[in-house]
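>>> From the sequence below, what's the structure:
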Amino acid sequence: MLFVRPSRRLVPSFFCFSLLLTLLSASVISWAAPQSADDFAALKQQAVGLYKEGKFEDALPVFQKLHAAKPDDLVVLEELAFCTLTHAQTLTDPDARKAERIKARQFVMQAQAAGDASNLLKILTDIPEDGSESPFSSRADIDAIMQEGEATFVKGDLDGAIASYQKALALDPKQYSAALFIGDCYYKKHDHEQAGHWFLRAIQIDPNQETAYRSWGDDLMAQDRPSDAKAQFVQAIVAAPYDKRSWMGLIQWANKQKVTLAHPAINPPGSVTDNGKNEKGQAQINIVIDPSTMGGKGNADGTSAWFIYSLSKANWHGERFKKEFPNEKDYRHTLAEEVDGYQLVVGQVRNGLKSKKIKNLDPALASLVKLSDQGLLEPFVLISKADAGIAQDYPAYRNSSREKVTQYINEWIIHPVPSPIP
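Numbering: from 1, shown residues only. Below you'll find the model as predicted:
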């Protein structure tokens, strides 16, 4: 499996690139438009070859010719989008750079409409519609130095880029991107010791940004150190689990190592619906119970315990939330609500097992009890069951229990692929 690693700021780094992108040759090449299917295939092969070598400026006019000949080719659209985005970084005029970024996004949207669902395209969709880009720093002098470093990097002058980033870091020792990008330059120079040093420096500046972890993981993969790489890819998720980019490194690592990633199959049956308040201001909660969890079967496998989960949620929709979160005006789904419901279910199951009423415990409930025994219900909810409300509780939990989130991902998300039966 080939790991491709494009430029970091243009597209946040999530690919490992052991073949090294020797960026942007300065030569200008003229390409004739393809006249036949064979011509198109040959020219496409040349363009893709340039792209894989990191010669994006050389590849750009070739992809433009190919796109004109066949506007719906997915490979052409995706790689044209990236080359256009890379070209934007070489432009010093802000308006011209913005216009080029808008053009790149248009190619991205065309590729998406044509059915492209690659990881790279998912990241490229983050380009704002207006082509804008966030500054590196609120200080104009530091931002200018960082932009200078980026333009130098894209032109392939890694030593010059390092000098710019170090200058920015000297002015602002907390400039995360400067440390990250220095590490990336050393990665491309195959200096793994220095790359690791600078990725660690970026993590020390801000441990709650995910990119440096993934970049370090990429570098460790290039050194054939998959176990160490996994540790960094996991920390990327711990840092920012709701950012789709955080998962890219671990996903590709899992594919390469022949393991699967999956959340525990714990899905409470039934539903609880908040229908607002009646004329007296009282909450109107509708509880729907899965009939398969009731009666003899539900008692025998423990699934009848889910009823108390529904009751707990109804209580939280009513008065419990106001009591526990007096400073919040409106109800929201919280970590506390979910953990409370799950713990009540676990208590019911334990009672059923103790009294021997439960004869054959449901596998999902067995997993829930084990999570509770390990003290991992909170990370289970935050990583595998979070919505917008629950996500608000993540930063505080991460800051106090980072090791628990790490344990949960390692023990409950990463699964060896079973060996095929002979």
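>>> rest of the way, CA atoms for contacts and neighbours
Will do.
>>> Quick check, pLDDT for Gly302.
At Gly302, the model reports a pLDDT of 89.
>>> If you could redo that for Asn286, that was the one I meant.
For Asn286, pLDDT reads 70.
>>> Near it, how many residues? Count them for me, please.
Residues lying near Asn286 (other CA atoms under 10 Å) number 13.
>>> could you check the distance from the closest residue in space to it that isn't next to it in sequence over to Asp130?
Using CA to CA, 6 or more residues apart in numbering and skipping residues adjacent in sequence, the residue nearest Asn286 is Thr273, 5.0 Å away. Thr273 sits 39 Å away from Asp130, going by CA to CA, to the nearest Å.
>>> Just give me how far stretch 90-97 sits from the chain centre.
The chain centroid and the centroid of stretch 90-97 are separated by 29 Å, computed with CA atoms, centre = their mean, to the nearest Å.
>>> Need the mean per-residue confidence for stretch 187-203.
97.
>>> which secondary structure element contains the residue nearest to Asn286?
strand 271-277 (DSSP states H and E).
>>> measure Ile308 to Lys103 for me?
For Ile308, the distance to Lys103 (CA to CA) stands at 54 Å.
>>> re the thing from before, I'd say the residue nearest to Asn286 and Ile289 touch.
No - because the distance of 11.6 Å does not satisfy CA atoms under 8 Å, Thr273 is recorded as not touching Ile289.
>>> Compare those two (neighbour count), which wins?
Comparing Thr273 with Ile289 by other CA under 10 Å, the one with more neighbours is Ile289, at 16 against 13.
>>> For that one, which residues are in contact?
Neighbour list for Ile289: 269-271, 307 [criterion: CA atoms under 8 Å, 6 or more residues apart in numbering].
>>> check which helix or strand covers Glu193.
Glu193 is part of helix 192-205 when elements are defined by DSSP H and E.
>>> Dump the helix or strand following that helix to PDB, restricted to CA.
Going down the chain from helix 192-205, the next helix or strand is helix 211-222, by DSSP H and E. Provided in PDB are the C-alpha atoms of helix 211-222 (Å, rounded to 0.1, in the frame of the first residue of the first chain):
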ATOM      1  CA  THR A 211      -1.400  17.200  13.200                       C
ATOM      2  CA  ALA A 212       2.000  16.800  14.800                       C
ATOM      3  CA  TYR A 213       1.000  13.300  16.200                       C
ATOM      4  CA  ARG A 214       0.000  12.200  12.700                       C
ATOM      5  CA  SER A 215       3.100  13.700  11.100                       C
ATOM      6  CA  TRP A 216       5.300  11.900  13.600                       C
ATOM      7  CA  GLY A 217       3.400   8.700  13.000                       C
ATOM      8  CA  ASP A 218       4.100   9.100   9.300                       C
ATOM      9  CA  ASP A 219       7.800   9.500  10.000                       C
ATOM     10  CA  LEU A 220       7.800   6.400  12.200                       C
ATOM     11  CA  MET A 221       6.100   4.400   9.500                       C
ATOM     12  CA  ALA A 222       8.800   5.500   7.100                       C
END
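>>> neighbouring contacts of the following helix or strand past helix 211-222?
Next in sequence after helix 211-222, counting helices and strands by DSSP H and E, comes helix 226-239. If you take CA under 8 Å, 6+ apart as the criterion, helix 226-239 is touched by 207-214, 216-221, 246-247, 249-250, 253, 398, 402, 405-406, 409-410.
>>> same question, stretch 371-390
When contacts are defined by CA under 8 Å, 6+ apart, stretch 371-390 is touched by residues 241, 263-264, 332-335, 338-339, 342-343, 346, 368, 391, 394, 404-405, 408.
>>> Now do that stretch, average pLDDT.
Stretch 371-390 carries an average pLDDT of 97.
>>> in it, what's buried?
371-372, 376-387, 390 (16 or more other CA atoms under 10 Å).
>>> same deal with stretch 238-250?
Those would be 238-242, 245-250, for stretch 238-250 by 16+ other CA under 10 Å.
>>> The helix holding Glu193 versus helix 211-222: what angle between them?
Helix 192-205 and helix 211-222 are oriented at 160 degrees to each other (axes from the mean of the first three to the mean of the last three CA atoms, to 10 degrees).
>>> other SSEs contacting helix 192-205?
Packing partners of helix 192-205 (3 or more CA pairs under 8 Å, 6 or more residues apart in numbering; DSSP states H and E): helix 176-188, helix 211-222.
>>> and it with helix 176-188, angle?
Using the same axes, to 10 degrees: helix 192-205 against helix 176-188 is 160 degrees.
>>> Would you mark the buried spots in helix 192-205?
Buried, per 16+ other CA under 10 Å, within helix 192-205: 192, 194-203, 205.
>>> And the contacts of that helix?
Taking CA under 8 Å, 6+ apart as the rule, helix 192-205 contacts 174-177, 179-180, 182-187, 209, 212-213, 215-216, 219, 223.
>>> change it to 7 Å
174, 176, 179-180, 182-184, 186-187, 212, 216, 219 (CA atoms under 7 Å, 6 or more residues apart in numbering).
>>> Make CSV from these and add distance to Ile123 and neighbour count to it.
Listed next are these as CSV, based on distance: CA to CA, whole Å; neighbours: other CA atoms under 10 Å:
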residue, distance to Ile123, neighbour count
Lys174, 26, 16
Tyr176, 20, 22
Ala179, 22, 27
Leu180, 19, 27
Ile182, 22, 27
Gly183, 21, 29
Asp184, 19, 30
Tyr186, 24, 22
Tyr187, 21, 26
Ala212, 16, 34
Trp216, 19, 30
Asp219, 20, 29
